[in-house]
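Predicted model follows, preceded by the sequence.
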Amino acid sequence: MDSNQALQQLQQFQGSRKSAQDYYTQAQGELGVGAAQQRANDLRGLIRNTETALKGVEGSVTGRTQGSLVSEAQRSRLANIERQPLQEGLTSQQGSYSDEMANYRDLLGQAGQRANMSYQTDADRLAAMQTNYGNLFSREQANQDRRFKESQAAEARRQFDIEQSRLRAGSGG
(Lines give C-alpha, C1' and ligand atoms only; values in the text may rest on other atoms or scores of the structure.)
Protein backbone atom coordinates (compact mmCIF):
# COMPACT_ATOMS: atom_id res chain seq x y z
CA MET A 1 0.00 0.00 0.00
CA ASP A 2 1.32 3.44 -0.83
CA SER A 3 0.54 6.77 0.84
CA ASN A 4 -2.04 7.71 -1.81
CA GLN A 5 -4.05 4.55 -1.09
CA ALA A 6 -3.69 5.11 2.65
CA LEU A 7 -4.86 8.71 2.27
CA GLN A 8 -7.84 7.59 0.21
CA GLN A 9 -8.83 5.02 2.86
CA LEU A 10 -8.40 7.64 5.59
CA GLN A 11 -10.59 10.16 3.76
CA GLN A 12 -13.28 7.55 3.06
CA PHE A 13 -13.31 6.55 6.71
CA GLN A 14 -13.52 10.17 7.85
CA GLY A 15 -16.37 10.82 5.43
CA SER A 16 -18.44 7.89 6.66
CA ARG A 17 -17.61 8.14 10.36
CA LYS A 18 -20.57 8.34 12.72
CA SER A 19 -20.86 11.03 15.36
CA ALA A 20 -20.98 10.21 19.06
CA GLN A 21 -24.69 11.15 19.00
CA ASP A 22 -25.28 8.67 16.15
CA TYR A 23 -23.74 5.90 18.24
CA TYR A 24 -25.78 6.93 21.28
CA THR A 25 -29.03 6.95 19.30
CA GLN A 26 -28.19 3.57 17.78
CA ALA A 27 -27.40 2.06 21.19
CA GLN A 28 -30.65 3.42 22.64
CA GLY A 29 -32.59 1.75 19.85
CA GLU A 30 -30.78 -1.56 20.24
CA LEU A 31 -31.35 -1.59 24.01
CA GLY A 32 -35.01 -0.55 23.87
CA VAL A 33 -34.58 2.70 25.80
CA GLY A 34 -37.58 4.30 24.07
CA ALA A 35 -39.84 1.40 25.00
CA ALA A 36 -38.70 1.58 28.65
CA GLN A 37 -39.38 5.31 28.68
CA GLN A 38 -42.84 4.72 27.19
CA ARG A 39 -43.64 2.08 29.83
CA ALA A 40 -42.58 4.50 32.58
CA ASN A 41 -44.73 7.26 31.05
CA ASP A 42 -47.70 4.90 30.81
CA LEU A 43 -47.29 3.92 34.46
CA ARG A 44 -47.01 7.58 35.47
CA GLY A 45 -50.30 8.26 33.68
CA LEU A 46 -51.91 5.27 35.36
CA ILE A 47 -50.72 6.53 38.77
CA ARG A 48 -52.22 9.98 38.11
CA ASN A 49 -55.53 8.41 37.10
CA THR A 50 -55.56 6.21 40.21
CA GLU A 51 -54.74 9.20 42.43
CA THR A 52 -57.60 11.12 40.84
CA ALA A 53 -59.93 8.17 41.43
CA LEU A 54 -58.82 7.99 45.06
CA LYS A 55 -59.55 11.68 45.57
CA GLY A 56 -63.00 11.17 44.10
CA VAL A 57 -64.05 8.28 46.35
CA GLU A 58 -65.13 10.50 49.26
CA GLY A 59 -67.37 12.67 47.07
CA SER A 60 -68.79 9.68 45.24
CA VAL A 61 -69.76 7.86 48.43
CA THR A 62 -71.18 11.03 49.94
CA GLY A 63 -73.24 11.65 46.81
CA ARG A 64 -74.61 8.13 46.70
CA THR A 65 -75.47 7.96 50.42
CA GLN A 66 -76.85 11.48 50.82
CA GLY A 67 -80.48 11.48 51.79
CA SER A 68 -80.46 7.86 52.92
CA LEU A 69 -80.40 6.54 56.41
CA VAL A 70 -76.62 5.97 56.53
CA SER A 71 -74.64 7.05 59.53
CA GLU A 72 -71.34 8.93 59.20
CA ALA A 73 -69.51 5.82 60.43
CA GLN A 74 -71.19 3.68 57.77
CA ARG A 75 -70.43 6.24 55.06
CA SER A 76 -66.81 6.44 56.20
CA ARG A 77 -66.54 2.63 56.27
CA LEU A 78 -67.98 2.40 52.75
CA ALA A 79 -65.49 5.03 51.50
CA ASN A 80 -62.62 3.08 53.07
CA ILE A 81 -63.84 -0.15 51.44
CA GLU A 82 -63.90 1.56 48.03
CA ARG A 83 -60.53 3.24 48.63
CA GLN A 84 -58.71 0.03 49.61
CA PRO A 85 -58.39 -1.62 46.15
CA LEU A 86 -57.50 1.71 44.61
CA GLN A 87 -54.81 2.28 47.24
CA GLU A 88 -53.43 -1.24 46.74
CA GLY A 89 -53.39 -0.68 42.99
CA LEU A 90 -51.63 2.67 43.48
CA THR A 91 -48.98 1.08 45.69
CA SER A 92 -48.40 -1.63 43.09
CA GLN A 93 -48.26 0.93 40.27
CA GLN A 94 -45.79 3.09 42.18
CA GLY A 95 -43.55 0.06 42.72
CA SER A 96 -43.76 -0.84 39.04
CA TYR A 97 -43.02 2.77 38.10
CA SER A 98 -39.99 2.83 40.37
CA ASP A 99 -38.71 -0.42 38.84
CA GLU A 100 -39.31 0.83 35.30
CA MET A 101 -37.52 4.12 36.00
CA ALA A 102 -34.55 2.19 37.41
CA ASN A 103 -34.56 0.03 34.28
CA TYR A 104 -34.80 3.13 32.07
CA ARG A 105 -31.86 4.82 33.84
CA ASP A 106 -29.83 1.60 33.62
CA LEU A 107 -30.52 1.34 29.89
CA LEU A 108 -29.51 4.98 29.38
CA GLY A 109 -26.24 4.25 31.15
CA GLN A 110 -25.63 1.16 29.05
CA ALA A 111 -26.40 3.12 25.88
CA GLY A 112 -23.88 5.75 26.94
CA GLN A 113 -21.20 3.16 27.63
CA ARG A 114 -21.88 1.36 24.36
CA ALA A 115 -21.76 4.63 22.41
CA ASN A 116 -18.51 5.64 24.12
CA MET A 117 -16.88 2.31 23.35
CA SER A 118 -17.98 2.40 19.71
CA TYR A 119 -16.88 5.99 19.25
CA GLN A 120 -13.54 5.27 20.94
CA THR A 121 -13.03 2.25 18.68
CA ASP A 122 -13.59 4.56 15.71
CA ALA A 123 -11.20 7.13 17.14
CA ASP A 124 -8.55 4.43 17.63
CA ARG A 125 -9.05 3.20 14.07
CA LEU A 126 -8.81 6.77 12.76
CA ALA A 127 -5.60 7.36 14.71
CA ALA A 128 -4.12 4.11 13.36
CA MET A 129 -5.03 5.09 9.81
CA GLN A 130 -3.50 8.55 10.29
CA THR A 131 -0.33 7.01 11.69
CA ASN A 132 -0.15 4.52 8.83
CA TYR A 133 -0.58 7.29 6.27
CA GLY A 134 2.05 9.44 8.01
CA ASN A 135 4.53 6.55 8.13
CA LEU A 136 4.00 5.63 4.47
CA PHE A 137 4.25 9.26 3.37
CA SER A 138 7.44 9.81 5.41
CA ARG A 139 9.00 6.63 4.05
CA GLU A 140 8.15 7.63 0.48
CA GLN A 141 9.57 11.12 1.05
CA ALA A 142 12.74 9.64 2.52
CA ASN A 143 13.08 7.29 -0.47
CA GLN A 144 12.60 10.18 -2.89
CA ASP A 145 15.18 12.25 -1.01
CA ARG A 146 17.61 9.34 -1.04
CA ARG A 147 17.10 8.72 -4.77
CA PHE A 148 17.52 12.44 -5.49
CA LYS A 149 20.75 12.60 -3.48
CA GLU A 150 21.98 9.43 -5.15
CA SER A 151 21.24 10.87 -8.59
CA GLN A 152 22.95 14.14 -7.61
CA ALA A 153 25.96 12.21 -6.38
CA ALA A 154 26.03 10.10 -9.56
CA GLU A 155 25.80 13.23 -11.68
CA ALA A 156 28.55 14.93 -9.67
CA ARG A 157 30.68 11.80 -10.05
CA ARG A 158 29.99 11.71 -13.81
CA GLN A 159 30.92 15.41 -14.12
CA PHE A 160 34.06 14.79 -12.06
CA ASP A 161 35.04 11.84 -14.27
CA ILE A 162 34.49 13.93 -17.42
CA GLU A 163 36.60 16.74 -16.01
CA GLN A 164 39.31 14.29 -15.00
CA SER A 165 39.28 12.79 -18.50
CA ARG A 166 39.64 16.25 -20.02
CA LEU A 167 42.50 17.12 -17.72
CA ARG A 168 44.29 13.87 -18.55
CA ALA A 169 43.69 14.35 -22.22
CA GLY A 170 44.89 17.95 -22.05
CA SER A 171 48.02 17.20 -20.04
CA GLY A 172 48.88 14.09 -21.98
CA GLY A 173 49.00 15.73 -25.42
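Done, it's in.

any weak-confidence spans in the protein?
172-173 (pLDDT under 70).

Look up how far P85 lies from the spatially closest residue to R17 that is not a sequence neighbour.
The shortest distance from R17 to any non-neighbouring residue, by C-beta to C-beta, 6 or more residues apart in numbering, is to D122 (5.8 Å). Every residue, glycine included, has its C-beta placed from N, CA and C. To P85, D122 is 54 Å away according to C-beta to C-beta, to the nearest Å.

what about the two, which has more around it?
Per other C-beta atoms under 10 Å, whichever of D122 and P85 has more neighbours is D122, with 16 against 9.

What residues of stretch 133-143 count as buried?
Of the residues in stretch 133-143, those with enough neighbours to count as buried (16 or more other C-beta atoms under 10 Å) are 133, 136.

Would you mind pulling the contact partners of it?
The set of residues that contact stretch 133-143 without belonging to it, under C-beta atoms under 8 Å, 6 or more residues apart in numbering, is 1-3, 6-7, 10.

and if you look at stretch 39-51?
The list of residues contacting stretch 39-51 from outside it, by C-beta under 8 Å, 6+ apart, reads 86, 89-90, 93-94, 96-97, 100-101, 104.
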